[in-house]
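Q: need a structure here:
(one chain, ligands or ions: 5)
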Amino acid sequence: MRFSLLLYSITALALILSSCTFDQLTDIHTEDTTAPSAEKCGSCHVEQYAEWKETAHAKAYISEEFKSQSDDYQDEECLFCHIPGEVLSVERKARNYNRHEGVTCVSCHLYEQTMHGPHSSGALFSPHSIAKNSKVDSRLESSHICGACHEETYEQWDEQRKTREYPTCHGCHGATVKRPHTKGTNFFSKMLVWFEPEHTVRSHYLILPNQKETGLGPELCLDRIEGEILHFSLLNSLPHDLPTGSFAEKELFFQFKKKEDDASLHKIVMNKLLAPGERHTFTLPLPQKEQNETLQVDLFREDLSTGKIHLIRSYTFSLNSTRQ
Ligand code: HEC
Ligand code: HEC
Ligand code: HEC
Ligand code: HEC
Ligand code: HEC
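A: Ligands and ions are numbered 1, 2, ... in the order given. You can find the predicted model right below:
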C-alpha cells in the first residue's frame, strides 16, 4: 500500500515537472510546420504505432503512385485525403507538418485540442487531454471518420446496413486485441502503464480483415461437378464492392492447388467487380484423375500499379464428397 502511494507520488511529481512538454501533444494546428511525430506518439502507444506503420495510411503521401499522379504534390485537390489535418473537423484542410506520415495519428484522433479515442481516460494520468465522448471508436457511428475519405465505399456500406446489420469499417477490418493503451519502454513510462486498465480494442492493422471473427467475407461455393468441369460461384457478402476503392487499378484472382501441395494447378483472373450481394459464376476444368484430391482455392487481390498481392481468403473443398 505504502509502496504504491510512493509510486503514485513519484509519478505525479514527474508528470508535473514534465507537463510543459506534454502540452505540445494536443496544441497542434494545420498551419503549423512542426508538431510531434507519429513516432513520438509511438513512444507510449508502442503497438498502435507499429501496426499503423505497416498500413497504406502511413504511406499515403510517400507512395510513388501518389507522388506521380498528384503531379509531384502540386494537385491541391488530392491533399486533404492523403495528408489530412483533423478529419473530425468540418474544415477539410491538409496539414503542413509531418507530411510524409500520410494519414497519421492526429488526423484521426485530434479534434479541438483534445485526443478522441474509444474510452475516456481510465489511467491515473494522461499526458494529454482525452475527450469524454468520442466518435473515434470501432463501434457506433465511427465509420463516419473513414467515410471522410473512403467516400464511395462508405456510401455502399451505409446503403447496405439499411437492410442488414453490419459491423463498422474498423469493426471488420481491425482484429480484436486486449491491451492497455500504452506500453512501458523506460522506467517512467512503465510506471504509468502499471496503473492502466486493459481494454478489448481493435488493431490499427487494417489490411487483412478479420473475417474469421465476424464470419463475413466473400463466400465461395463449389456448386457441382460435371465430368471434368467444376462449377463455382463467388458471392460478395461484404457491405461494399469486391474489390472496393475508387483509385488505382486492381484485380482479383483465384489460385487452385492440391491441399498441402505448393504447386499451383491453375490461376483464374476475375476481371469483374461485384456489387454487394452480387454472385459471379465460373468454371475450372480438372482431369478426372485429379478429382480424388482435396482442393484448396485462394482468393487474392493484386494492385496492378505496384504489383502488390494480398490474400483475401482461403477455401478448401473435398471433391469426393461433392461428387456424390
Ligand atoms: C507520454 C506518453 C504518451 C504520449 C507521448 C502520447 N500518449 Fe496518448 N495516451 C497516453 C496515456 C497514459 C493515455 C491514457 C490511457 C488510459 O486512460 O487508459 C493516452 C490516451 C490516448 C488516447 C485515448 C484512447 C482511448 O481509448 O480513448 C488516444 C487516442 C491517444 N492517447 C493518442 C495519442 C496520440 C495521437 C499521441 C501523439 C500526438 C499520443 N497519444 C501521445 C500516453 C501518451
Ligand atoms: C484522411 C483520409 C482517410 C481516412 C479518414 C481513412 N482512410 Fe483509409 N485510406 C486512405 C488513403 C489515402 C488510402 C490509400 C493510401 C495508399 O494506398 O497510398 C487508404 C487505405 C486504406 C485501406 C487499404 C489498406 C492497405 O493497407 O492496403 C484500408 C483497408 C483502409 N484505408 C481503411 C480505413 C478505415 C477502416 C478507416 C476508418 C477507421 C480509414 N481507412 C480512414 C485515406 C483515409
Ligand atoms: C463485413 C466486413 C467488412 C466491413 C463492414 C467493411 N469491410 Fe472493407 N473489406 C472487407 C473484406 C473481407 C475486404 C477484402 C476484399 C478486398 O481486398 O478487396 C475488404 C476490403 C477493403 C478495402 C480494400 C483493401 C485494400 O487492400 O486495398 C478497403 C479500402 C476497405 N475494405 C474499406 C472499408 C471501409 C472504408 C469500410 C466502411 C465504410 C469497410 N471497408 C467495411 C470487409 C469489410
Ligand atoms: C484512420 C484513422 C486512425 C489513425 C490514422 C490512427 N488511429 Fe488510433 N484509432 C482509430 C480508431 C477508429 C480507433 C478505435 C478502435 C477501437 O474501438 O478499438 C483507434 C484507437 C486508438 C487507441 C485506443 C485503442 C488502443 O489500441 O489502445 C489509441 C491509443 C490509438 N488509437 C492511438 C493511435 C496512434 C498512436 C496512432 C498513430 C501511430 C493512431 N492511433 C492512428 C483510428 C485511427
Ligand atoms: C476523398 C478523398 C480522396 C481524394 C480527394 C483523393 N484520394 Fe487518393 N485515395 C483515397 C482513398 C480512400 C484511397 C484508398 C482506397 C481507394 O482506392 O478508394 C486512395 C488511393 C489512392 C491511390 C492508390 C495508392 C497506391 O499506392 O496504389 C493513388 C495513386 C491516389 N489515391 C491518388 C490520388 C490523387 C492523384 C488524387 C488527386 C487527384 C487523390 N488521390 C485524391 C482518397 C482520396
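Q: contacts, neighbours, all on C-alpha from now
A: Noted.
Q: Quick check: the residue nearest in space to the middle of the chain vs residue 42, distance?
A: Centroid-nearest residue in the chain, with CA atoms, centre = their mean: residue 206, separated by 1.8 Å. Look at residue 206 and residue 42: by CA to CA, to the nearest Å, they are 18 Å apart.
Q: Tell me how many other residues surround residue 164.
A: 8 (other CA atoms under 10 Å).
Q: any idea whether it is helix, strand or coil?
A: coil (DSSP: H, G, I helix; E, B strand; the rest coil).
Q: mind saving the C-alpha coords of stretch 99-119 as PDB?
A: Taking C-alpha atoms only, stretch 99-119 is exported to PDB below (Å, rounded to 0.1, in the frame of the first residue of the first chain):
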ATOM      1  CA  ARG A  99       3.500  15.400 -44.400                       C
ATOM      2  CA  HIS A 100       5.500  12.200 -45.100                       C
ATOM      3  CA  GLU A 101       3.300  10.500 -42.500                       C
ATOM      4  CA  GLY A 102       0.200  10.500 -44.700                       C
ATOM      5  CA  VAL A 103      -2.900   9.600 -42.800                       C
ATOM      6  CA  THR A 104      -1.400   9.900 -39.300                       C
ATOM      7  CA  CYS A 105      -2.400   9.500 -35.600                       C
ATOM      8  CA  VAL A 106      -3.500  13.100 -35.100                       C
ATOM      9  CA  SER A 107      -5.500  13.100 -38.300                       C
ATOM     10  CA  CYS A 108      -8.000  10.700 -36.800                       C
ATOM     11  CA  HIS A 109      -7.600  11.300 -33.100                       C
ATOM     12  CA  LEU A 110      -7.100  15.000 -32.600                       C
ATOM     13  CA  TYR A 111     -10.100  17.400 -32.500                       C
ATOM     14  CA  GLU A 112     -10.300  20.800 -30.800                       C
ATOM     15  CA  GLN A 113      -7.000  20.200 -28.900                       C
ATOM     16  CA  THR A 114      -8.300  17.000 -27.300                       C
ATOM     17  CA  MET A 115      -7.500  13.400 -28.100                       C
ATOM     18  CA  HIS A 116     -10.500  11.300 -29.100                       C
ATOM     19  CA  GLY A 117     -10.500   7.600 -28.600                       C
ATOM     20  CA  PRO A 118     -12.900   4.800 -27.700                       C
ATOM     21  CA  HIS A 119     -12.600   5.300 -23.900                       C
END
